[in-house]
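> With the input below, show me the fold.
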Amino acid sequence: MTTATDHYDNLLAEHYTWMLGGDLQAAAAAQSELLEGLGVAPA
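Numbering: from 1, shown residues only. As a prediction, the model looks like this:
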């Protein structure tokens, strides 16, 4: 049986990476900056 993690790693990861522009670190940094600018902070 395939786990959700295996399914993501083996099938979905390349599609999600492409949809986010290919640079996950840059996408995460941009989202972090957006949330910070909106006053959202981690608990």
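> what does the lowest-mean-pLDDT helix or strand in the chain contact?
Lowest by mean pLDDT, DSSP states H and E among the helices and strands of the chain is helix 13-19, with a mean of 78. Contacts with helix 13-19, where a contact means C-beta atoms under 8 Å, 6 or more residues apart in numbering, come from Leu24. C-beta: built from backbone N, CA, C; applies to glycine.
> go again using 10 Å as the cut-off
7-8, 22-24, 27 (C-beta atoms under 10 Å, 6 or more residues apart in numbering).
> again with stretch 26-34
By C-beta under 10 Å, 6+ apart, the surrounding residues in contact with stretch 26-34 are 16-17, 19-21, 23, 40, 42.
> One more pass at 6 Å, please.
Leu20 (C-beta atoms under 6 Å, 6 or more residues apart in numbering).
> Average pLDDT for that stretch, rounded please.
Per-region confidence: stretch 26-34 scores 91 on mean pLDDT.
> Give me the distance from the least confident helix or strand of the chain to the chain's centre.
Distance, stretch centre to chain centre, for helix 13-19: 9 Å (C-alpha atoms, centre = their mean, to the nearest Å).
> Only alpha carbons, please: show that helix as CSV.
The C-alpha coordinates for helix 13-19 follow below in CSV (Å, rounded to 0.1, in the frame of the first residue of the first chain):
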residue,chain,number,x,y,z
ALA,A,13,5.8,16.8,-6.0
GLU,A,14,6.9,17.7,-9.5
HIS,A,15,3.5,19.1,-10.4
TYR,A,16,3.2,21.2,-7.3
THR,A,17,6.8,22.5,-7.7
TRP,A,18,6.0,23.5,-11.2
MET,A,19,2.8,25.3,-10.1
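> I appreciate the help and will end here.
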